[in-house]
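J.: no sequence on this one, just coordinates:
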């Protein structure tokens, strides 16, 4: 498992990269207000729990997440101003406010 601190607007997020197999990693970037996760995790569960959550796909590393766009999100994430196809770095700036 790899963990990485990501600083956005004086807010520290934690990136977690867990190798599931040689071809697959479980990835998430967490913060106080919400999180960005890879497609292995379930957006419907996040929605039911009223979480601020977003999904990205086609990623294998934390850096890949940071350079990708949102493909799914919860209603709570939308309420904060995060939207579909938004760059993850912009979404993290919103979560850092």
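T.: That came through fine. For clarity, every value in this text was computed on a predicted model and none was experimentally measured.
J.: from residue 72, how far out is the residue nearest to residue 39 when sequence neighbours are not counted?
T.: Closest residue to residue 39 apart from its sequence neighbours, by C-beta to C-beta, 6 or more residues apart in numbering: residue 57 at 4.3 Å. Any C-beta I mention is one placed from the backbone N, CA and C, and that applies to glycine too. Using C-beta to C-beta, to the nearest Å, we find residue 57 at a distance of 8 Å from residue 72.
J.: cool, residue 44 as well?
T.: Distance from residue 44 to residue 72, by C-beta to C-beta: 9 Å.
J.: who has more neighbours out of those two?
T.: Comparing residue 44 with residue 72 by other C-beta atoms under 10 Å, the one with more neighbours is residue 72, at 18 against 9.
J.: could you report the pLDDT at the more buried one?
T.: Per-residue pLDDT puts residue 72 at 97.
J.: so how many other residues sit close to the residue nearest to it when sequence neighbours are not counted?
T.: In space, and not counting its chain neighbours, residue 72 is closest to residue 55: 4.1 Å by C-beta to C-beta, 6+ apart. Using other C-beta under 10 Å, residue 55 has 22 other residues around it.
J.: tell me who's in contact with residue 55.
T.: Counting by C-beta atoms under 8 Å, 6 or more residues apart in numbering, residue 55 touches 36-39, 41, 43, 70-73.
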